[in-house]
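Colleague: Quick check, what structure comes out for this input:
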Amino acid sequence: MKVFAFIQARYNSTRFPGKVLKFLKNKCLLEWCVERAKKMKHIEDVVVLTGDDPRNKRIVEWCQ
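Modeller: Now for the predicted structure:
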């Protein structure tokens with residue numbers, strides 16, 4: 001059985017818009033999350049989930 005990690009990410013946020021792509025040290029927050037998930041022992045792949053709001057286009061571009 002394959003085990004996946006699913007990370008929900010959206011660009012629009014009421015308190016901190018664009019937080020998911022803000023940089024902390026040398027990486028954006030989404031990159032930190034994806035890298036940590038990939039290091040988990042039983043995770044085979046990581047999937048980033050986002051909505052179809054046009055503002056999420058930057059997240060889609062980052063994932064590609």
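Colleague: which residue is nearest the middle of the chain?
Modeller: With distances taken as Cα atoms, centre = their mean, Leu30 lies nearest the centre of the chain, 3.9 Å away.
Colleague: element containing that residue, please.
Modeller: For Leu30, the element it lies in under DSSP states H and E is helix 29-39.
Colleague: Give me the helices and strands touching that helix, please.
Modeller: Counting contacts by 3 or more Cβ pairs under 8 Å, 6 or more residues apart in numbering; DSSP states H and E, helix 29-39 is packed against strand 4-8, strand 45-49, helix 57-63. No exception for glycine: its C-beta is placed from N, CA and C like everyone else's.
Colleague: In JSON lines, list those along with mean pLDDT, mean neighbour count and distance to Lys39.
Modeller: Below are these laid out as JSON lines (pLDDT from 0 to 100; neighbours: other Cβ atoms under 10 Å; distance: least, Cβ to Cβ, whole Å):
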{"stretch": "strand 4-8", "mean pLDDT": "98", "mean neighbour count": "13", "distance to Lys39": "10"}
{"stretch": "strand 45-49", "mean pLDDT": "98", "mean neighbour count": "14", "distance to Lys39": "10"}
{"stretch": "helix 57-63", "mean pLDDT": "96", "mean neighbour count": "14", "distance to Lys39": "18"}
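Colleague: just to revisit the earlier point, number of nearby residues for the closest residue to the residue nearest to the centre of the chain other than its chain neighbours?
Modeller: In space, not counting the residues next to it along the chain, Leu30 is nearest to Val20; the distance is 4.8 Å by Cβ to Cβ, 6 or more residues apart in numbering. Val20 has 24 neighbours, counted by other Cβ atoms under 10 Å.
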